[in-house]
Each structure stands twice: as C-alpha cells, then as structure tokens.
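Engineer: I would like the atomic coordinates for the input below:
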Amino acid sequence: MTGRHRPAFTTCAVALIAFWASWAFWSNSAAAQPRPRTDIWTFQYGGAEISDQHNKAFSAFMSMLHGRMLTLVGELTALDSRLAYLDRLSHLEVKDLAGMPVQFRGSPNELKQRWLDDGTLTLLYGLIRKPGARFRVRSHFYYGELHGELDMPDVQVEAAFKLEDFELASESHTAATIYAIAMEAEARGLPDQTIVALLNKAKSYTLGVAGIAPLNQAIDKSLARLAGSGP
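Structural biologist: The predicted model follows:
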C-alpha cells in the first residue's frame, strides 16, 4: 500500500520544491531591483516669511517647480522606455501636522536620516531674498548617498529672477533634478546608455547658466567615467 502512494508523494515534493525555487527567484529579483525614488520633498525656504512680497515670490517659485516636473516627465520618458517609471515623479512640500510649511533647521545627520527613511529622490531647501530689483534664490539639493561625482551629498544652485521670469531658475533647478534621477537610475543598475542620455539632458540645461559650477563638473565627470567603462 505504501509503495503505491510513493509516486504521488514524490510528485508533490517535486512540485513543492519547484514552487519554493520560483518564489525565491522572484523574491531575489525584487530585492535586486529596489523601488525607484521619485519623490522630491521641498522645505519652505528661509526668507519667505520676511514679507508678503517674499512669500509671493516663493509661492510662484514653488508653482514653477511643480509645473516643471510635469513637462520634465515627458522629456525624460521620451529618451528611453526604461524611464517610464518617471511618470510617478512628484514634487511635494514638507508640512507640519497643521498643514503649515516647514523650514529645515536640523543637522546634516537629520537630513540624511530623513532621506534614508523616506526613500526620497532629493530633499530641497534654501533661501529666497531680494537684494535689489530681482529676487535671488539659493537652493540646496540633498542627494544623500546618490551624489555621484559630487564631493558632498548636496549641491547648491543659485539663480536670480523676477516674478514674471523664472527661466534661469527653471533651467538650473531642472539640471539638478535630472542629475539626481541619473544617479538614482545608475545605482539601480539601469544601462549606461540610459544614464548617459540623462546626463546629456541635464547638461543641456546648464549651458549659459551661472552659479552651478559644481553641478557642471559632476555631470562632466560622470560622463567621462561612463565613457571609460564602455567597450
């Protein structure tokens, strides 16, 4: 009797082993491909509370960043179908429990911990002021461990603008955002050709823009490194 049931038992055992092998394969594949970082969190900039005019300028600046993210998604996904995940790219504001904007006043370690805990693409904070006829914005893009060829985990971007003209601010901040996307994509193992396309796109936004030398250098170093690793 026992002998007659042995083939059925063997079949079940083989099926169970195959199931666990398949589960382990897909689990390992998921672990090897972490979820893309697509959230950009922005703290309220210092100086926005100085006057209604400063606050209006910061609100317009934030609207510009939101709008730029929408158009940027189309530009980047057109480069490579592997970048389709960027349709989840989001520009979000850090707020307290009461829904009020929050300035970042913590330490570098706190900034790093937030970047790690939230799975953020980049954290954005800075200062907005009006030394003359034009507003001047100084932004810090915190890239965490994905800063690539930058010497530090963040880069500073400066731009001057009027309320009716955000072109220069848009270009410098767009370049810094694309650099973050490129370094994150490289860390997840996307092909070199995809990373190069992203870096070249970032570089196209830096042409003629002042105040972003470290970012320019990091882009150039990354392109040179990837060119050296090719066949």
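Engineer: Buried by neighbour count: which residues of stretch 199-218 qualify?
Structural biologist: For stretch 199-218, a neighbour-count test (16 or more other Cβ atoms under 10 Å) marks Leu199, Lys201, Ala202, Lys203, Tyr205, Thr206, Val209, Ile212, Pro214, Leu215, Asn216, Ala218 as buried. Using the backbone N, CA and C atoms, a C-beta is placed for each residue, glycine as well.
Engineer: Spell out, range by range, the strands that occur in this structure.
Structural biologist: 39-42, 90-93, 122-129, 135-142, 154-161 (DSSP state E).
Engineer: Direction included, what does the second one pair against?
Structural biologist: Pairing partners of strand 90-93, with direction, according to DSSP bridges: strand 39-42 (parallel).
Engineer: wait, what's in contact with the residue most central in space within the chain?
Structural biologist: What sits nearest the mean C-alpha location of the chain, by Cα atoms, centre = their mean, is Leu121, with 3.2 Å. Counting by Cβ atoms under 8 Å, 6 or more residues apart in numbering, Leu121 touches Arg37, Thr38, Asp39, Ile40, Leu89, Ala180, Ile181, Glu184.
Engineer: so who does Met40 touch?
Structural biologist: Quick fix: residue 40 reads Ile, not Met. For Ile40, the contact set (Cβ under 8 Å, 6+ apart) comprises Met69, Leu89, Ser90, His91, Leu92, Thr120, Leu121, Thr122, Leu123, Leu124, Thr177, Ala180.
Engineer: who does it bridge with?
Structural biologist: His91, Thr122.
Engineer: any idea how far it lies from Thr122?
Structural biologist: Counting by Cβ to Cβ, to the nearest Å, the gap from Ile40 to Thr122 is 5 Å.
Engineer: Looking at strand pairing, list the partners for Val157.
Structural biologist: Ser139.
Engineer: And the one 4 residues further on, by the same measure?
Structural biologist: The residues listed as beta-bridge partners of Phe161 by DSSP bridges are Phe135.
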